[in-house]
Structure formats: structure tokens, C-alpha cells
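In: Using only what follows, build the 3D model:
(2 chains)
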Amino acid sequence: MINFSQVTKRYPGGHEALSGVNFTVEQGELVFLTGHSGAGKSTLLKLIAAIERPTSGVVSVSGQNVGRLPRRAIPYLRRNIGLVFQDHKLLFDRNVIENVLLPLDIAGLERREALKRARAVIDKVGLLAREKANPVSLSGGEQQRLCIARALVGRPALLLADEPTGNLDAGYAADIMSMFRDFHQVGTTLLIATHDDRAITALGGRMLRLDHGRVAETTSW
Amino acid sequence: MVGWLRHQKHALGSALRRLRAQPVTTLLTALAMGVAISLPSGLYLGLVNLSRLAGDLPAQPEISVFLDARVAAAQQSAIATRLKQPDIAAARFVSRDEALSDLIAAQDLGDVTTGLASNPLPDAWVVRPRDTTREAMMRIATELSALPGVAETHLDSQWADRLQAALALGRAGVALLAALFAIALVAISGNAIRALVLARRDEIQVSRLIGATDRYIRRPFLYLGALQGLLGGLAAGTVLAGAGLWLRTPVEHLSGLYGSSFHLLPPSATEIAVVLGLTTLFGWLGAWLSVTRSLRQVEAAP
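Out: Just a heads-up that it's a prediction; the model follows:
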């Protein structure tokens, strides 16, 4: 599903975030990306979602060379990728259900069907009782669950999560990781960048450790 | 098609919500646009009314042929024969008595003319040539002047020509002014939309990250610009209606003093539709230019 071939990313100013990275993620796989701060985890996720373009090498997602995708095609790629951010990126002038409806509005889904799907996914992340609440009134864990709901409502084949438990205490983090396990069990491909070693060992899957922009280690459980 | 319509409906709803959410800003923007539009529109209406006034004057250029006081019957007959030739479209004889009574009626000169010992006006023909070009008119006038029994000829269309030329100049001026104010309208709309785009930077970035196309992001702002333009057009209509009411009485009083029943006419339904359509279009255009430029600045941030 995802293939990196000799991928290098150099930012303006010369900083090389990734150097000659090679790896493959199969469909339905659960892969953790680990490594110290600045190892290149976030850059790697950005390359998959075409937020950044590689300086050299080929990033391929579902057979598409993402690095060469024309600008107008990028939104359609992103509609098939669920993105979960450490800082949630919620819209605070919209309530919970309106935040979750946003990807469906963008996709042009019929309103009744969109509401049905949004409520189902909000229920799945345990926020149905708060669907009219403003995200600002939610706890950090609830905000992260809302972000996950928004990422999943479009039923993406691939979910990318960048430090999804980074700002959460252990209890909330375990909840989020257990949610990811459930999604993985129904066939979603997950690529999660995290520092949370306990979550990795508890969930199983494969781990890619990045070190100074290179894949230093690959471990499977 | 259904999806496209759904997107349009969603964008229109979003634009209306944004207008309602900022009533003061909406009102001020509409007023700024309204004032900008009302100036060329008001001048245009003024010209339309002036043209109407000019239209009441002889539409066709005419030559007045004044006869000698002692014109002989044979000369009269020769002149009448000449005026039946094909280069003359119509000729009407105006006797000196008829001319005097017309003058008294039109200028209210009864008191002055009662003191006259005799009628000083000559008999005359009012002639409308078939070819009304200036050269043809001059040629016929010269030819008629040379006929025995003709004292003088006079081209009656000169001042009407001058008025028409002045109106044409006025129309060109209004067109130029309208073009300048259209640019102002685009700028006002663009500036208002730019501020909104920057205020919604986060929403735009998030929308891009979850798959929104630029077209999807741009659409509510375009509706917003078009709606602002429409409101600006309506504001201009209100300003002009107010000005029309304000000027109606003094204009009617002035025209009454000249013995005319002239009054100001409001714009026609077509003119209103054209102005509203143009303001909506310029509002949309301003929004398009602004949002396209602003979207380039608001890059999708991770």
C-alpha cells in the first residue's frame, strides 16, 4: 500500500529530514514509527499525505507516485487518508458533529447519510452524548477522539497518526490505542508515529525506528 | 450533478450564515458599495431624463423658410412647387397669423403683442428634407434662399444637434465613470473577502488537509462576494430612490416655470436588473481575485 524507495527530504536551508529511506507497508498492516524528536517521523507522514514532496526518491501510495501528483489531484488522495494530529486541528467555531461532518461535506455526501455516518463514528469514539458540544469544552483525550472520528468518518483505507497520544495521560492514551487496534482489526491500514513504547508492545504489529532520517531498525511482534 | 448542486447549496448556506454573523460589517460593506454604484447610476439616470427632455424637441432637423413680406402670388406658387420635389420629405406652410398665435401661446406674450400695430412675423414654410445630413441640409437651405420671394432660411436643428452632442459626451463620461467605479467595487469586495479568508485561515488549512479542493474552499467566498455586490446594488437603489424623491418637487417646479409637464422618471425594471446583475458580478469578481490570491498565501500546514 505504501512504498518508499530511496526517499530523501531536504528542507530549504539544507536540513536533511530523511536520507535514502526504503520501506513498504502492506494493506491492513499496523506499523509504528518511532525515533527521537527530529528523527524524521512527521516528515515521513507528511510525504505520504503529499503535504510535503520528496527531494528525491519515490513515495508511492496505492500505486500512485505521490511526489509527482499534480496539485489538483492531491485533495482526492487525502480523502482516502485519515489524518490524526497531535494538536488535533479541530475547528472551534463548530460543534463536535459539525467537525466530523466536514470531510463528508467536502466529499459532497447527501446530508442525511452524512449525519448517519457521523453519528455512528462519534458513537464509536464515545462522544455521542456530546455531539452538540463545542470542542473547546472537551478534555484533551476527548479532543483526540474527536480528531480520530473526523479522520475515520470518510472510511479511509489508510490512517496516519502523528503522536496521537503525545499530550495525553496514560489512561486516555490506552483508550486511544485500543481504538486504533479496533480499526486495524476491521482492515484499516495504520501508520502511527509515537514515543509510547507501552502502546507498541501492547498492540503488536511492526515497528520502524528512525534515527537521523534513516530507518535504523525494523521489528515485528 | 446532484453532488455539484449539493456543494452549491452548502456554499450558499455558508455564505448567508457568514453575512448574518457579521451584520455591521455586512451593512458597512454594502453601504460603501452602494455609494460607489449610486454615483454613475445617478448620472446615468440624469442623462436618461435629459435625453427624454431632448426627445420632446423636434426629432427631425428642419429648415424654416421665411418669405418676403411683399412676396408675389407667382413667387409663392414657385416656392410651393420647389417644395414638392423628391428631396423634400415634408413641407408645412405656417401663415404669419398662425405663427403669431403660436408665439403668444408658447411664450405668454399676450400683453406685448396687443400693443403692436401690425403682425411683424412673416409667412413661412417649415421644411423637412429627405436627406438630413448637414451637407444636404445646407445645400437645400442655400438653394431655397436663392428663390425669389424668400427672405431668409434658418436651420432649426443646430441647438438640438449641440444638445445631442453634449448628451453623447455625457454618456461617454458616465461609461468612463462606471468603469472606474466598477474597479472600486471589485476592490471593496476583494478587500472584504481577503479579510475573511485570513480570519478563516485555520479552517482553510484543516479543510485542505482533509481533502478540500481549492474550488470547494473558494466557493462560499464567491457567494459571499456576489451577495455583497447584490446588497451593494440594493443599497445604491435605495440611495437613488431617496435622491429621486428629494429632487422630484424642485424639478417639477422648475419645469412648470417653463410651461412643461416634465418630471423625473425612475429607472426601468430592465435597468434595475442590469445594475443588480453587474454589481453581483463585480462582487463575485472581486471575491474571486482576492480569494485566489489569498489561498496561495494560506498553504496547507501540517
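In: what about the longest helix in the chain?
Out: Using chain A here. Counting by DSSP state H, the longest helix found in chain A is helix A:170-185.
In: You answered for a different chain; I wanted chain B.
Out: With secondary structure taken from DSSP H, chain B has its longest helix at helix B:214-257.
In: what about the strands in chain B?
Out: Assignment of strands within chain B using DSSP state E yields the ranges B:63-67, B:88-94, B:124-129, B:150-155.
In: Save the ones you listed as JSON lines, and put in mean pLDDT and distance to chain A too.
Out: Every residue, glycine included, has its C-beta placed from N, CA and C. JSON lines is the format used below for the strands of chain B (pLDDT from 0 to 100; distance: least, CB to the nearest CB, whole Å):
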{"stretch": "strand B:63-67", "mean pLDDT": "91", "distance to chain A": "70"}
{"stretch": "strand B:88-94", "mean pLDDT": "91", "distance to chain A": "66"}
{"stretch": "strand B:124-129", "mean pLDDT": "90", "distance to chain A": "67"}
{"stretch": "strand B:150-155", "mean pLDDT": "89", "distance to chain A": "68"}
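In: Export those strands as TSV, with columns for mean neighbour count.
Out: Formatted as TSV, the strands of chain B follow (neighbours: other CB atoms under 10 Å in any protein chain shown):
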stretch	mean neighbour count
strand B:63-67	21
strand B:88-94	15
strand B:124-129	20
strand B:150-155	17
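In: about what we covered before: tell me the mean pLDDT over the longest helix of chain B?
Out: What helix B:214-257 shows for mean pLDDT is 90.
In: Which neighbouring elements make contact with that helix?
Out: Judged by 3 or more CB pairs under 8 Å, 6 or more residues apart in numbering or on different chains; DSSP states H and E, the packing partners of helix B:214-257 are helix B:2-21, helix B:23-55, helix B:158-199, helix B:201-209, helix B:269-297.
In: Let me know which of these is the nearest to chain A.
Out: For those, the distance to chain A is smallest for helix B:2-21, at 3.8 Å, taking CB to the nearest CB.
In: okay, now residue A:26: neighbour count?
Out: Taking other CB atoms under 10 Å in any protein chain shown as the neighbour definition, residue A:26 ends up with a count of 11.
In: Could you find the closest non-adjacent residue to it?
Out: Once flanking residues are discounted, residue A:26 sits nearest to residue A:1: 6.2 Å by CB to CB, 6 or more residues apart in numbering or on different chains.
In: ok, that neighbour touching residue A:48?
Out: No - contact criterion CB atoms under 8 Å: residue A:1 and residue A:48 do not qualify, at 9.9 Å.
In: that older thread, could the helices and strands packed on helix B:214-257 go into TSV alongside distance to residue B:117?
Out: Listed next are those as TSV, based on distance: least, CB to CB, whole Å:
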stretch	distance to residue B:117
helix B:2-21	78
helix B:23-55	38
helix B:158-199	32
helix B:201-209	91
helix B:269-297	55
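In: can you redo the ones you listed as CSV with mean pLDDT?
Out: Output for the helices and strands packed on helix B:214-257, formatted as CSV (pLDDT from 0 to 100):
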stretch, mean pLDDT
helix B:2-21, 82
helix B:23-55, 82
helix B:158-199, 83
helix B:201-209, 89
helix B:269-297, 89
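In: so which of these comes closest to residue A:93?
Out: Nearest to residue A:93 among the helices and strands packed on helix B:214-257 is helix B:201-209 (7.7 Å), distances taken as CB to CB.
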